[in-house]
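Visitor: A predicted structure for the sequence below; I have some questions about it.
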Amino acid sequence: MINRTRTSSSSNVTISTFRVSRLKSSKVLRLTSASRALLSPFISRPWLERRGGTVDDYAFPSRVDHADHLSTRQYARLVDEWVTAIGLRREDYGTHSLRRTKAAMIYKATGNLRAIQTLLGHTKIENTVKYLGVDIVDALELAEHTEI
């Protein structure tokens, strides 16, 4: 879940990174420029003030307790609604498939497993290999395009 964003002192919130907390660990991730552009209207100072919040509040508050963050279950419900709204089968899409798809697209474009491992926060490269479903065909194809 997104916790608190880094902000500037201007009238709008400047988002460049956010902290993700999961179980016992947390890490800082960077938002893409497209994500920043889409999120900006929803976490600008005027919007936060209108909903009774501040720039130090969660970007996506709980619908039950606004001092807490959006729950994983509520996020999953929202994804289900969005997928259904655009006419796709919700059984084929979920919160985790969004994460896996981005990683798979970057891997396909770069072939860089180490970068994907870092982006996903995996401690072992073996976990990244399993996560992406990298097999011997992928490995041989990469080797074929590498000259020594």
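Guide: Perfect, thanks for sending it.
Visitor: For the rest of this, base every contact and every neighbour count on C-alpha atoms.
Guide: Noted.
Visitor: Please, which helix or strand holds the most centrally placed residue in the chain?
Guide: Per CA atoms, centre = their mean, the C-alpha nearest to the average position across the chain is that of Arg99, at 6.5 Å. Using DSSP states H and E, Arg99 maps to helix 95-110.
Visitor: just for the chain, where's the confidence low?
Guide: Applying pLDDT under 70 to the chain flags residues 1-30, 43, 55, 136.
Visitor: show me where it has strands.
Guide: 2-5, 17-22, 25-30 (DSSP state E).
Visitor: okay, now the closest residue to Phe60 other than its chain neighbours: neighbour count?
Guide: Once flanking residues are discounted, Phe60 sits nearest to Leu70: 5.5 Å by CA to CA, 6 or more residues apart in numbering. A count of nearby residues for Leu70, using other CA atoms under 10 Å, gives 20.
Visitor: Identify the residues contacting Leu70.
Guide: Shown in contact with Leu70 (CA atoms under 8 Å, 6 or more residues apart in numbering): Met1, Phe60, Pro61, Ser62, Arg63.
Visitor: how near is the last one to Ala104?
Guide: Separation of Arg63 from Ala104 (CA to CA, to the nearest Å): 32 Å.
Visitor: quick one: which of these two has more around it?
Guide: Ala104 (18 against 12).
Visitor: does that one really touch Leu132, like I thought?
Guide: Yes: if you go by CA atoms under 8 Å, Ala104 and Leu132 touch, sitting 6.3 Å apart.
Visitor: joint contacts of the two?
Guide: Taking CA under 8 Å, 6+ apart as the contact rule, Ala104 and Leu132 touch no residue in common.
Visitor: Show me how the record splits the chain into domains.
Guide: Taking automatic domain parsing as the domain assignment, the record places the domains of the chain at 1-70, 90-148.
Visitor: Just name the most buried of these.
Guide: domain 1-70 (a mean of 14; mean count of other CA atoms under 10 Å).
Visitor: want to throw the contacts of Leu70 into JSON lines with distance to Leu39?
Guide: Shown next, in JSON lines, are these (distance: CA to CA, whole Å):
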{"residue": "Met1", "distance to Leu39": "15"}
{"residue": "Phe60", "distance to Leu39": "10"}
{"residue": "Pro61", "distance to Leu39": "14"}
{"residue": "Ser62", "distance to Leu39": "17"}
{"residue": "Arg63", "distance to Leu39": "18"}
